[in-house]
Structure formats: structure tokens, C-alpha cells
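Show me the folded form of this:
(chains A and B)
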Protein chains: 2
Amino acid sequence: MIVQKYGGSSVSDTERIRNVARRIRKKVDAGEKVIVVVSAMGKTTNELISLAESVTENPDPRELAMLLSTGEQVSAALLSMTLIEMGVRSISQNAMQLEISTFGDFDNARIADLNLDKIYAELEKHDVIVVTGFQGVDPEGNLTTLGRGGSDTSAVAIAAKAGVQCEILSDVPGIFTCDPKFHKDAKKLDYITYDEMLELAALGAKVLHSRSVEIAKKYNVEILCLSSFSEEGGTRVVNRLPEWLEQPVVTGATIDTNQLKIAINKLPGNTDIVSKIFQAVAGSSFNVDMISIVNDNGYIHLAFTVLSASPAAIKSTIESVLVDVDNWELAIDEDVAKISTVGVGMRSSAGVASRFFLALQKAGAKIIATTTSEIKISVLVPKSQAGKALKALLDEFEL
Amino acid sequence: MIVQKYGGSSVSDTERIRNVARRIRKKVDAGEKVIVVVSAMGKTTNELISLAESVTENPDPRELAMLLSTGEQVSAALLSMTLIEMGVRSISQNAMQLEISTFGDFDNARIADLNLDKIYAELEKHDVIVVTGFQGVDPEGNLTTLGRGGSDTSAVAIAAKAGVQCEILSDVPGIFTCDPKFHKDAKKLDYITYDEMLELAALGAKVLHSRSVEIAKKYNVEILCLSSFSEEGGTRVVNRLPEWLEQPVVTGATIDTNQLKIAINKLPGNTDIVSKIFQAVAGSSFNVDMISIVNDNGYIHLAFTVLSASPAAIKSTIESVLVDVDNWELAIDEDVAKISTVGVGMRSSAGVASRFFLALQKAGAKIIATTTSEIKISVLVPKSQAGKALKALLDEFEL
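Residues are numbered from 1 along each chain as shown, chains lettered A, B, ... in the order given. Down below sits the predicted model:
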């Protein structure tokens, strides 16, 4: 038994659906039972969101989940009927039928459980179950969605519950040292650890939904990332790298240009104001990333970045918190990009940080801010220098 | 409390969805709780069928129902979020959530029951429930569809169970004496009986799904047919016409050009062969309509019509039955149209049939076949004469 997840680009038209069906049939012919999780076809989810926005600027989250969950039901039904025509015993199942129960927000729900007995019962009668990804049902019986990319999480959750391997098929043949669209010499990795993958996913490498990796790590689900368009060997996401593998210091590098840098200077030396600012920023659903705080002669200088935000919106949020505070200064900088390197090898290798900063210095990149973790170093640089800085790091760490 | 059903053309785009939402809000403002049943937007169902046919010529019926039922979920969610934006407390519910249980075929399922307690519970918290029409769930938990036009049946079934009135809103303001597209002098009826409506629906007047009228008759649900685009008074479908109303002899006339006439002559005088033919024809899902059988000197001459069939398909079905029979002759005629008049007044009025045939004779129409019931007369005429024949009947009976 195996779980396979096919992304939106793998089922974006009927020819691709037939291609996917042929891949699944091969597994069945080899004697496997296959639980297939599908995303909505191509741009369907975006189209449904546009449709919702054409009737209301601010769609009700419950109704939006009801709307969006139709996308996966369409692709699941189409894929299943294609399999049936090819002679494969297949049945599609939506979240209500498989009792994929969730908790939390309608648009970012988390999986609590699913009915494995139902899966086993259907696999008695069929060789393939095609499951609608991205969706669940809350305790009140409302449909929910798992957030963008949530089909990965559906697939890994099923694999975890059933204790089987999970293949994630997309339009790229695995995980690369950096985005192949940015850097044509990017190398495909044979293995990557859950921890590295979590850092990469959080950094904007859109190969796997972060929560799917968290679940995989928790339940030790082996994930194999493959392309649905080739037979090329993919990347295995594992707990620890095989012993025989030469351990690289740095596994990957990423670039993120959706950052906005906020600097608030000359705040009164009272830490309460900082937590109030972050409360307001989080309350307005801004995603805060790199944070630095400096105390200077009774003043606080605060700087942080937010993801994909409008400068005007963040400005008005901050002004509303600081309405009774005098003399503070605000600077918002859109011309920034975040460059990061990730690798479990950093833990044990001395001198990674010095090689990192030396490479950037040689490339003439101005470092605006820095954050580090055990297996990651990130810097903020001006957008115009980002490409050059990334290249310097890729060369330095032979990525 | 009231049930309102909005057809596909009433919700075909976002502007029309807003128009429908405004109509519903008026009811709510007047203090009513509204159960709204919606069809899929515009041509959505046809588009989904085309999508299925692009992956397989013969889509699996279970998977097709899974696919098609998404259409109503899209329109229900969109309408509900529009109502919420207008300040109306609304919630959408699909067939699984309302437990609309069905039996029978996946593509022509019949409603067995639905969860009225769930409806009442939702109407405690909301003023409007928007229900996906056309769909149900079978005892195994599979999604089913009620057949084309099935949203009418969903609406009337809910109205029957709740014991309330049902408004059916479409793009025409009621039931007409004949199709206004064919005959611009068509008159709108204020009242029509269930029995007349059943004959008209069966004859191809696409205003109401036949099964919805059967349910309405069985449970005495008053149906009001209205246009969603105007405030014009509609047509009430009732058990019997009000006493004060002048009783018309003939209520309506219809034309049906989807008939195919099959004549099989010189069959051996053995009625077994006739039932075998009808078994095979029904087994191949042909809809048999007008039947005539003549015994002649030990031979049987059989003629009947089928709806929307391919001549080649019906020919091969008949040949397969008669493979061991000699000397029979087959004639298939596509150039036919069926013209019918319906009216409860026919029961008590003498001379209706003679007026009917005299009018056709004066119009020079050649009558190929005839069938009659207590409240209906139908004739088959050459297609080229159909328009003239219909006009003659409309004039004769002042429709």
C-alpha cells in the first residue's frame, strides 16, 4: 500500500489526468493498492477565489471553504473515472466520505483524524481510492480547507495513519539546492532531512507544505518527491541522512523577495510597547519574520520584516498602537530580499558563518539584517544585490 | 417558512446571484425564514459533462454524480456568501450535510428522506439556508444526482417534508398555454392542476421536473412558478382549479421534435416477440413513447416512437432481438414531431377530439400516429407541418 499525491499542475488538463492515471495503473499492475490524493486542476482554486471576490470583497470563510472544496472533488472524480475506463478498480472519496475531521480556522484547518477503516474497506473492493486533498470536516459538519498547499498535508496525514510511504508528485523532479528557476545550475538532492525541509519550506521553497513535513517528522513518514512528468529518481525526505552519504555542510539556499522591512526607532525604553506592537501586527494577520531589538540610552530601536504586506496597512496598524507615544520614527523599506542557507551539517561544522559572511562581503552585498538558527543563516540585502549574493553563496558552498 | 428554488439561468453570473440575494432578503425582511434550493450556475452541468467526456466516452455513473454535484455546491456557497455580505444570516448546506438520502440509479436517484431537524436547527441560527439542489446520498454514502431538472424535486421534497409552500423561480414568469419561444401569443396561466402539469412536463414543457409535480401532488404542496427577473404574478400549480375560475377545456399545447418513429412490419403473430422488443429497447435505455400495434392476417405491425435516440443504435438493438426472425421490415422516420394538447376540461367536454382532428385536417397536417389519455391528445405529424398544426390547435382552443 502506498500514498501518492498529485499536485494541480499534474492534473491541469485531461491529457495530464490520463498521464497520471497511467502512472497509477503501473503501481496497480505491480500489485500495489494506491491511495491517491489530488489537488484541484491547475488554476482552479484561484479561479474559484476570483469568483467569490466577484460577489463579495470579503467572502465568509465558511462559505469560501464550501466553495473551494469543490475544486478537488472535480479532479478526484475525473481521475477516478479515467482509471475506471483504463480497467482499474477505482473510487473517489471526499473529506466527508472519509471523515477527515479537522479543527481550527475554516481556511487553515488542521487534521485531527480520519477514518482508516473506511479506507481499508474501500481497498477491499477497489485497487485505488482517489481522495480529495486540501479539505476536511469540522465537528459541526462544516467543510474546511487546510490552507494553500494543504493537499500535501492530506497525503502525509493518510500515510502517517496507515503507516505507509508517501510520494509527492509535482512538476519538479525533487528538492533542489536552490530554486531551478533562479539558478540553472541548481542540483537535485537525493536526500534531505525533515528539519532542513522545514527550514526550506518556511523560507518559501514551495515544494512541500510545511505542516506535511511536521506530520512526516512526528510520525516518521518517508516522503519521496518526484515529477509526474518524468521517471527521474526524486528526493527522499527522511529523519536522518544515510550514513554512507557524504554529509554536506549546506543543503540548500533560498531567496525570498516578498519581505518588507519595518524599522521603528526611538521608542521609550519600556518593553511593554514592543509586545503591544507585535500583538497589533499579529492581530492584523501580518506574518512577522526577522526581528531585531536594540537598547540605546533608554530608547529602543525595533526592526522586523513582514511577509507580503502592504506598507500602508502596516503603517496604520503601527500608528494605531503608538498613538500616545511621542517622537518615534518609522521607516519602511520595500527594497529588500532575504537570502538563506540551510543544512544540518552547520550544526557540527565550524566556520560556516564566517564563510557565509565572507562570501557576501566579496560579492559586495550590503547586509541589512541577520537571523540564524542551528541549521540556518538568513540575511536581508537590497533587492538589487540579491541575485549576486545568492550566486556567491551557491558557489561558496558548492550547491 | 417558505421554500424557494432558483434555476441555473437565475444564478448564471455574479450579477444575477446578487439579484437573487436581494429577492431573498426581501422575504427575510418580511419576517420569513427561507430555505433556498439552487441549481448549478448557467451551463455548468453541461460543461462538467463535457469535461467528463473529454477523459472517457462512457463516464462511470458514480463518479459522474460526484463530479456534477460540485456545480450546485459552487452556486450555493456563492449565493450564501452574497447574502452574508448583505447582512442576512445565511448558511449553505450540501446533500451530505442535510442527509438528503436517495435510492436508485446514481444519475436518476429518488429522494427517500432528508433531515428536517437539521433544517430547523440551522434556521434557529440563520434566516436562510441555501441548499444544493439536484443531489443526494445513497445508503452507502455515495453522492447521487436526481436527473436533469432535479433541483425542482429537491425543493418540492423539502417543502413537502416541512409542510410549506414552494416557489420555483426561473427565467419565465409561469406556465404558458404553449412555449412562448414558439408562439408569441402564448398566454400565461394563473392556475394549472398537478395532473395537467404532469402531462405537460412529460410532453417536454421544461418548466417543472415531472417528479417534483408527482411529489407535490402526493403531499399536496402548493407550487408557485415565478420569474426571478420580474415581479409579475406567476402560475399556481394546485390540486384542483378554484371554483370561481372559468374552466378551460384545453390548458396548453406542446410540440416535441425529439421523436424518432420506428415501424417494424410483418412480425410473426406471436405477442412474445413484441415484449422481447420492448425489453431490449428499454434495456438499452431508450425512452419509448407512442406505441401502436396492429394485427393483420397472422402478422403483427408494430410502431412506436423513442425520444432523442440515434437511428443506428435503435436499429442495431432491434436487429439483435430479431436475429432469428425472417422477413420482417424496419422503417425509421426522423422527420416527425409530436403535438399535444392537455386539459382537465377534456374529461367532461364532449367533442374535444373532433375539434382537435378537424383543426388539423383544415391545416392540411398528415397524422402519422395518435395517442390519447383522459386529459391529453397527442399526434405525430411530419416536422415540416408541425408549426402550422400547432397554430391551428392554439387558434381552435383559444390558447
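
From now on I want contacts and neighbour counts done on CA atoms only, so please keep to that.
OK.

A:Asp60 and chain B, how far apart?
6 Å (Cα to the nearest Cα, to the nearest Å).

How many residues are close by that residue?
21 (other Cα atoms under 10 Å in any protein chain shown).

all helices for the stretch 151-300 of chain A, in order.
A:194-202, A:210-219, A:271-283 (DSSP state H, counting those that start in this stretch).

which residues touch A:Ala109?
A:Ala109 makes contact with A:Thr102, A:Phe103, A:Gly136, A:Thr144, A:Thr145, A:Leu146, A:Gly147, according to Cα atoms under 8 Å, 6 or more residues apart in numbering or on different chains.

Isn't A:Val34 up against A:Lys26?
No - A:Val34 is not in contact with A:Lys26 according to Cα atoms under 8 Å; the separation is 10.4 Å.

which stretch among the helices of the stretch 151-300 of chain A comes nearest B:Leu51?
helix A:210-219 (30.9 Å; Cα to Cα).

For the closest one, name the packing helices and strands.
Other helices and strands packing on helix A:210-219, by 3 or more Cα pairs under 8 Å, 6 or more residues apart in numbering or on different chains; DSSP states H and E, are helix A:150-162, helix A:194-202.

hmm, back to that, what residues are shared contacts of A:Val34 and A:Lys26?
With Cα under 8 Å, 6+ apart, A:Val34 and A:Lys26 have no common neighbours.

And the two? Which one has more around it.
A:Val34 (21 against 11).

which residues pair with the more buried one across the strands?
A:Ile2, A:Val128 (DSSP bridges).

Roughly how far does the residue of chain A most remote from its centre sit from chain B?
Going by Cα atoms, centre = their mean, the residue of chain A most distant from its centre is A:Asn297, 41.2 Å out. Computed as Cα to the nearest Cα, the A:Asn297 to chain B distance reads 51 Å.

again, but for A:Ala160
With Cα to the nearest Cα as the criterion, A:Ala160 and chain B are 25 Å apart.

Surely that residue and A:Ala216 touch.
Yes - counting by Cα under 8 Å, A:Ala160 does reach A:Ala216; the two are 6.9 Å apart.

So which of these two has more stuff around it?
Shown here are A:Ala160 and A:Ala216; by other Cα under 10 Å, A:Ala216 has more neighbours (24 against 21).

if I pick the more buried one, what's in contact with it?
Per Cα under 8 Å, 6+ apart, neighbours of A:Ala216: A:Val156, A:Ala157, A:Ala160, A:Tyr194, A:Glu222, A:Ile223.

How many residues are close by the closest residue to chain B within the stretch 251-399 of chain A?
The nearest approach of the stretch 251-399 of chain A to chain B comes at A:Ser284, 20.6 Å away (Cα to the nearest Cα). Using other Cα under 10 Å, the number of residues around A:Ser284 comes to 12.

who touches it in this structure?
A:Thr317.

likewise A:Leu79?
Residues counted as contacts of A:Leu79 (Cα under 8 Å, 6+ apart) are A:Ile17, A:Arg18, A:Ala21, A:Val130.

And the first one, which helix or strand is it part of?
By that I understand A:Ile17. helix A:14-29 (DSSP states H and E).

same for that helix, what does it pack against?
If contacts are counted by 3+ Cα pairs under 8 Å, 6+ apart, helix A:14-29 sits against strand A:34-38, helix A:61-85, helix B:44-55.

switch the cut-off to 10 Å
Under the contact definition 3 or more Cα pairs under 10 Å, 6 or more residues apart in numbering or on different chains; DSSP states H and E, helix A:14-29 sits against strand A:2-6, strand A:34-38, helix A:61-85, strand A:128-132, helix B:44-55.

By neighbours, which of the contacts of A:Ala216 wins?
A:Val156 (31 neighbours).

so how far is B:Pro61 from the closest residue to A:Asn142 other than its chain neighbours?
The shortest distance from A:Asn142 to any non-neighbouring residue, by Cα to Cα, 6 or more residues apart in numbering or on different chains, is to A:Arg62 (7.4 Å). A:Arg62 sits 30 Å away from B:Pro61, going by Cα to Cα, to the nearest Å.
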